[in-house]
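J.: Quick one, what's the 3D model for this:
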Amino acid sequence: MATTAIFGAGVMGETLLSGLLRAGRPADSLVITERRADRAAELTERYGVRVIENAEAAAAASTLVLVVKPQDMGALLDEIAPHVEPGDLVVSLAAGITTSFVESRLPQGRSVVRVMPNTPALVDQGMAAVSAGAHCGPEHLTEAQSLLAATGKVLEVPEKLQDAVTAISGSGPAYIFYVVEAMIEAGVVLGMPRSTATELVVQTLFGAATMIKETGQHPTVLREQVTSPGGTTAAALRVMDDHKVRAAFISAMEAAATRSRELAGG
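T.: Below you'll find the predicted structure:
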């Protein structure tokens, strides 16, 4: 089997590595790069994969998955570019980094795919959006999609939407955690033990998400089913509307998309 190299052994790099192994990829078809010796030893012991230098990994692999911070991408590309052969696939998971930026640092005509993943990939419930670069054929796009499918759902989007994807699903888990925190705090304010409030909120979140996914109904319909005229839910939602919660969410995600564009430019 062809070798896949994962450059960067942070949370997302390790998440992708473990997901591929769970999906049945043999450990000897995967390599990973990591500068810290203690971290490298930990990965080798935990997963049985080789941890090697960037240039060696680039030379060995036909699929190169770049999972480094945006500010480190330029230096990494300069290091691996001489070893990226025609027919290789380069997959970038760095926020704000465009396919054209990656292509400009590689030999002419190399195949590049841009991906925005999210952290629920840790529990195989990720949402990854993929965009093909200028020289990426259908077979390489399919290969990138199959890589990401090891940790959740994959959706192809035009690259011009990637800043919006970053704002919605990339940063999205943090918004959900923020709402969950607030609901738990409300339970505590209402006199409930924190552990009880946590269990109530987490299961409610899981149940509501499952209803949206499995019924296929619009969330407005599901919300109206819970909202009796003059009832408790209507009273709560009126306060949220008074505080412009819906508008705040939209403005927040616009800010995230703006920041994503800024990162791409900087």
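
J.: Pick out the residue closest to the middle of the chain.
T.: Residue closest to the average C-alpha location in the chain (CA atoms, centre = their mean): residue 117, at 1.7 Å.

J.: Look up how far residue 138 lies from it.
T.: 21 Å (CB to CB, to the nearest Å). All C-beta atoms are positioned from the backbone trio N, CA, C, and that covers glycine.

J.: Could you do residue 132 as well?
T.: Plainly put, residue 132 is 8 Å away from residue 138 if you go by CB to CB.

J.: doesn't residue 153 make contact with the residue nearest to the centre of the chain?
T.: No: look at residue 117 against residue 153 with CB atoms under 8 Å: they stay out of range, at 10.6 Å.

J.: what is in contact with those two at once?
T.: Residues touching both residue 117 and residue 153 (CB atoms under 8 Å, 6 or more residues apart in numbering) are 126-128.

J.: These into TSV, with extra columns for pLDDT?
T.: Shown next, in TSV, are these (pLDDT from 0 to 100):
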residue	pLDDT
126	96
127	97
128	98
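
J.: Do a quick rundown of the helices in the stretch 1-150 of the chain.
T.: Here the stretch 1-150 of the chain has its helices, by DSSP state H, counting those that start in this stretch, at 11-22, 37-47, 54-60, 73-80, 99-104, 138-148.

J.: rewinding a little: if you drop the residues flanking it in sequence, what lies closest to the residue nearest to the centre of the chain?
T.: Excluding its sequence neighbours, the residue lying closest to residue 117 (CB to CB, 6 or more residues apart in numbering) is residue 128, at 4.5 Å.

J.: Ok, residue 102 next?
T.: Nearest residue to residue 102 in three dimensions, chain neighbours excluded: residue 112, at 4.8 Å (CB to CB, 6+ apart).

J.: What residues are bridge-paired with that neighbour?
T.: residue 90 (DSSP bridges).

J.: low-confidence ranges in this structure?
T.: The model of the chain has pLDDT under 70 over residues 266.

J.: What residue spans form the domains of it?
T.: Here the domain parsing of the chain from automatic domain parsing is 4-159, 172-265.

J.: Would you mind measuring the gap between the ends of the longest one?
T.: Start-to-end span of domain 4-159 (CA to CA, to the nearest Å) is 24 Å.

J.: How far does it sit from its chain's centre?
T.: 12 Å (CA atoms, centre = their mean, to the nearest Å).

J.: can you check the last one too?
T.: Centroid separation between domain 172-265 and its chain, computed with CA atoms, centre = their mean, is 21 Å.

J.: From one end of stretch 82-89 to the other, what's the distance?
T.: 14 Å.

J.: on that earlier part again, contact partners for the residue nearest to the centre of the chain?
T.: Applying CB under 8 Å, 6+ apart, one finds that residue 117 lies in contact with 12, 16, 93, 126-128, 148, 151, 170.

J.: what do you get if the cut-off is 6 Å, keeping everything else the same?
T.: By CB atoms under 6 Å, 6 or more residues apart in numbering, the contact set of residue 117 is 93, 126, 128.

J.: Backbone dihedrals for the first one, please?
T.: Backbone dihedrals for residue 93, given as degrees, to the nearest 10, come out at phi -110, psi 20.

J.: Surely it touches residue 115?
T.: Yes: using CB atoms under 6 Å, residue 93 is in contact with residue 115, at 4.9 Å.

J.: from the contacts of residue 117, which is closest to residue 202?
T.: Checking these against residue 202 with CB to CB, the nearest one is residue 126 at 18.9 Å.

J.: bridging residues for that closest one?
T.: residue 152.

J.: Pretty sure it sits against residue 151.
T.: Yes: Residue 126 lies in contact with residue 151 (CB under 6 Å); the separation is 4.5 Å.

J.: Comparing the two, which residue is more hemmed in?
T.: Counted by other CB atoms under 10 Å, residue 126 and residue 151 do not tie: residue 151 has more neighbours, with 27 against 24.
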